[in-house]
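>>> sequence? don't have it. structure:
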């Protein structure tokens with residue numbers, strides 16, 4: 001289990017070892033004005049990696065949940081396109 005997506009870059013290791021990983025997303029830290037632009041970019045990238053490389057996501061904010069649903073929709077679309085191509 002990972003607490004906070006700022007360690008999302010480290011989610012790649014469990015994924016490569018096929019160890020399920022649950023991450024607790026803090027929620028849109030990269031949008032906060034208290035951070036400088038370089039820090040915002042890092043947090044945005046870390047959040048993106050966390051969503052990509054986690055197996056399960058816990059979210060307490062609707063915006064974070066919407067991002068997760070978007071990930072699931074993209075995966076479903078890819079699987080649908082593969083099923084059409086394979087026939």
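Perfect, thanks for sending it. Just so it is clear, the model here is predicted, and its values are computed rather than measured. Numbers count the residues shown, from 1 in each chain.

>>> so how far is the first residue of stretch 30-45 from its last?
End-to-end span of stretch 30-45 (C-alpha to C-alpha, to the nearest Å): 9 Å.

>>> can you pull the buried residues of that stretch?
Across stretch 30-45, burial judged by 16 or more other C-beta atoms under 10 Å covers 30, 40, 42-43. C-beta coordinates here come from the backbone N, C-alpha and C atoms, glycine included.

>>> and what of stretch 50-60?
Under the neighbour-count criterion of 16+ other C-beta under 10 Å, stretch 50-60 has 50-51, 53-54, 57, 59 buried.

>>> rewinding a little: pLDDT-wise, what's the bottom of the buried residues of stretch 30-45?
Least confident entry in the buried residues of stretch 30-45, by pLDDT: residue 30, with 76.

>>> in contact with that one, which residues?
Contact analysis of residue 30 by C-beta atoms under 8 Å, 6 or more residues apart in numbering lists 40-41, 43-44, 47.

>>> switch to 7 Å and redo it
Contact analysis of residue 30 by C-beta atoms under 7 Å, 6 or more residues apart in numbering lists 40, 43-44, 47.

>>> quick one: which of the buried residues of stretch 30-45 sit in helices?
Judged by DSSP state H, helices contain the following of the buried residues of stretch 30-45: 40, 42-43.

>>> many thanks, I have nothing further to ask.
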